[in-house]
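**Q** dropping a prediction and its sequence here:
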Amino acid sequence: MSAVTEDGLKPTIVLVSASELEEEVKKLSDKVNNLVTDSRAQNEELKTEINNIKSLISWLSIARSQGIWKAKTCKHSVNEKCNAWNISDPEKLGIPQEYVSEGENGSKKVLVGKFSEICITCPLYDPKGR
């Protein structure tokens, strides 16, 4: 005689040994622990990289402010254009075309009012009023 539920359906019963369940739970537990450990290590790596990026951004901000200051105080900067340099191939130097002005004689000058980054390490910097 088989057991029948109220709906007239026979229940399905699967027998599993306790040791098999215990082994599966142990495997899953180990996987979770490994994932947690890996996740923590990755979080630490990410924190380190984020701190490195923040440090680089700080230095870049300092350098940028120095470039702006030099562009404003250099005697070669006239009407926000550097007259000390003739740039023959701005793209090769990484200077975007929109930051270059072409002179009457075909010379190319950097618009330091818009691209003061070039002033950061300029060896030709000379303060106004000297």
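**A** Alright, I've got the coordinates. Numbers count the residues shown, from 1 in each chain.
**Q** neighbouring contacts of stretch 82-90?
**A** By CB atoms under 8 Å, 6 or more residues apart in numbering, the surrounding residues in contact with stretch 82-90 are 71, 74, 76-77, 93, 95-97, 99-100, 107-110, 112, 118-119, 122, 124. C-betas here are computed from N, CA, C, even on glycine.
**Q** also stretch 118-130?
**A** Residues outside stretch 118-130 that contact it (CB under 8 Å, 6+ apart) are 63-64, 66-68, 70-71, 73-77, 82, 84-85, 95, 110, 112.
**Q** next one: that stretch to chain centre, how far?
**A** Remark: stretch 118-130 is offset 30 Å from the chain centroid, using CA atoms, centre = their mean, to the nearest Å.
**Q** may I have it exported as CSV, CA atoms only?
**A** Provided in CSV are the C-alpha atoms of stretch 118-130 (Å, rounded to 0.1, in the frame of the first residue of the first chain):
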residue,chain,number,x,y,z
ILE,A,118,53.4,72.7,-21.1
CYS,A,119,54.7,75.4,-18.7
ILE,A,120,55.2,73.0,-15.8
THR,A,121,58.8,72.1,-16.6
CYS,A,122,59.6,74.7,-19.2
PRO,A,123,63.3,75.5,-19.2
LEU,A,124,62.7,78.8,-20.8
TYR,A,125,60.5,80.2,-18.0
ASP,A,126,61.5,83.8,-17.2
PRO,A,127,59.5,85.9,-14.8
LYS,A,128,57.9,89.1,-16.1
GLY,A,129,59.6,92.3,-15.1
ARG,A,130,63.2,91.0,-15.1
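**Q** circling back: please pick the buried ones from the contacts of stretch 118-130.
**A** Neighbour-count burial (16 or more other CB atoms under 10 Å) is assigned, among these, to 67-68, 70-71, 74, 76-77, 82, 84-85, 95, 110, 112.
**Q** from those, pick the one nearest residue 53.
**A** Distance to residue 53, by CB to CB, is smallest for residue 67 among these, at 20.5 Å.
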